[in-house]
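Enquirer: generate a structure from the sequence data that follows.
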Amino acid sequence: MSDRPDDPASNDDPELRIAPVDDEYVSTPRPVRPVLLLPRRLTEPAANQTPIEPIEPVATDVPLEVAIEAPRETPAPVESATPRDSRSTSRLYFEAVIVTLVFWLFVQIFVAQPVSVPTGSMLNTILVGDHLVVNRVIYGTPEWLRPILPYRPIRRGDIIVFRHPAEPETLYVKRVIALPGETVEVYGTRVYVNSEELAESKIGASDPGQDRPLVPDGSPITVDGAEYTVYYSLIRDVGSELEIGSLVSAGGGSVGVGRPFTVPQGQYYCLGDNRDNSLDSRFWGTVPRENVIGRAVLVYWSFGTANDGTEGRRPRLGRIGTLLQ
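Expert: Residues are numbered from 1 along each chain as shown. Here you go, the predicted model:
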């Protein structure tokens, strides 16, 4: 029997023994192996030292000496995103000129046409030497283009450019006075359309010659509703009762002068703003609709005698961009 109370019962087998427990060995903890710390200089690069890039491994299927001695291939140049034009410089210039000519012809034929004025029949609204932009679309837009392009019929007071009925090769610039079917009468400085006097502001002026602008004498006689001014010479008492019935302004004209004249259908009665120096419908009749080129809208260039009367012809820069009305 064992001296310890909790000791298990002994066995009668003499070879079976329980080894004694070493209390001191069990209670003492085992020593812990310290962690191996590498020096800082081997794990982290210095602050002023560039990190060493890792060496790329060499393919295993290529011998080491071949991989080392093989030259590095030069990358192929990257082509530009914009393709290079192989055409010659002369051909590029030639094509640019052709495109410009085609565009200019299209604009001149279908949109606008430049016209120079060589006479003084529209003084002082249009001066001799003015170059005008003529709107060819406004009166002649085809039906299928009218929803997107400006179009309207010819109106009284429009300044139109047309081919002379007797000389189709000559372009004239006049102001529309009477429309198709209307009756016109000219008595001196008074113009009547359908028995009503036309609203025109009038002014007496003298002609200095040499293609200079007219020199007004006094203030114009304004009329309510007048949108433009016409000019008469100083030999008449403009706007007074004394000049009613006078034929001086007509200079021998017979169409609508001193008696009523009905404008035929498809025709227009046109006069110049310089009434005492204008060959217009009073002399050669009306303008057919098919002869009308377009409406004069503005002065894009002017070259001639200056307004101040100085000698010599030169550009009139102040006239550039002048709207015509």
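Enquirer: show the end-to-end separation of stretch 183-197, please.
Expert: 12 Å (CA to CA, to the nearest Å).
Enquirer: can you list the buried residues in that stretch?
Expert: 184-193 (16 or more other CB atoms under 10 Å). Glycine gets a C-beta too; all of them are placed from N, C-alpha and C.
Enquirer: over to stretch 277-290?
Expert: 277-278, 280-282, 285-287, 289.
Enquirer: lowest-confidence helix or strand of the protein?
Expert: helix 64-69 (a mean of 46; mean pLDDT, DSSP states H and E).
Enquirer: neighbours of Lys202, how many?
Expert: Residues lying near Lys202 (other CB atoms under 10 Å) number 19.
Enquirer: residues contacting it?
Expert: Listed by CB atoms under 8 Å, 6 or more residues apart in numbering, the contact set of Lys202 reads 189, 220-221, 223, 229-232, 238-239.
Enquirer: how about those residues in JSON lines, adding pLDDT, secondary structure and distance to Val97?
Expert: Formatted as JSON lines, the contacts of Lys202 follow (pLDDT from 0 to 100; DSSP: H, G, I helix; E, B strand; the rest coil; distance: CB to CB, whole Å):
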{"residue": "Thr189", "pLDDT": "87", "secondary structure": "coil", "distance to Val97": "52"}
{"residue": "Pro220", "pLDDT": "86", "secondary structure": "coil", "distance to Val97": "49"}
{"residue": "Ile221", "pLDDT": "89", "secondary structure": "strand", "distance to Val97": "53"}
{"residue": "Val223", "pLDDT": "89", "secondary structure": "coil", "distance to Val97": "52"}
{"residue": "Thr229", "pLDDT": "95", "secondary structure": "strand", "distance to Val97": "44"}
{"residue": "Val230", "pLDDT": "95", "secondary structure": "strand", "distance to Val97": "45"}
{"residue": "Tyr231", "pLDDT": "94", "secondary structure": "strand", "distance to Val97": "44"}
{"residue": "Tyr232", "pLDDT": "90", "secondary structure": "strand", "distance to Val97": "49"}
{"residue": "Val238", "pLDDT": "72", "secondary structure": "coil", "distance to Val97": "54"}
{"residue": "Gly239", "pLDDT": "64", "secondary structure": "coil", "distance to Val97": "56"}
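Enquirer: could the residues you listed go into TSV alongside distance to Leu123?
Expert: TSV is the format used below for the contacts of Lys202 (distance: CB to CB, whole Å):
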residue	distance to Leu123
Thr189	16
Pro220	14
Ile221	18
Val223	20
Thr229	11
Val230	10
Tyr231	6
Tyr232	11
Val238	16
Gly239	19
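Enquirer: quick one, which of the residues you listed are buried?
Expert: Buried members of the contacts of Lys202, counted by 16+ other CB under 10 Å: 189, 220-221, 229-232, 238-239.
Enquirer: can you add distance to Ile160 and give those residues back as TSV?
Expert: Shown next, in TSV, are the buried ones among the contacts of Lys202 (distance: CB to CB, whole Å):
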residue	distance to Ile160
Thr189	22
Pro220	24
Ile221	26
Thr229	18
Val230	16
Tyr231	19
Tyr232	22
Val238	26
Gly239	27
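Enquirer: nearest to Pro168 among these?
Expert: Minimum distance to Pro168 across these is 27.4 Å, recorded for Val230 (CB to CB).
Enquirer: can I assume that closest one is in contact with Glu200?
Expert: Yes - between Val230 and Glu200 there is a contact under CB atoms under 8 Å: 5.2 Å.
Enquirer: ok, back up a step: just the buried ones among the contacts of Lys202 now: which is nearest Gln265?
Expert: Val230 (26.7 Å).
Enquirer: how close does that closest one get to Gly120?
Expert: 13 Å (CB to CB, to the nearest Å).
Enquirer: list residues touching both of the two?
Expert: Joint contacts of Val230 and Gly120 (CB under 8 Å, 6+ apart) are Asn274.
Enquirer: hmm, back to that, save the buried residues of stretch 277-290 as TSV, and put in secondary structure and pLDDT too.
Expert: TSV is the format used below for those (DSSP: H, G, I helix; E, B strand; the rest coil; pLDDT from 0 to 100):
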residue	secondary structure	pLDDT
Asn277	helix	90
Ser278	coil	91
Asp280	coil	93
Ser281	helix	95
Arg282	helix	93
Gly285	coil	94
Thr286	coil	97
Val287	strand	96
Arg289	helix	94
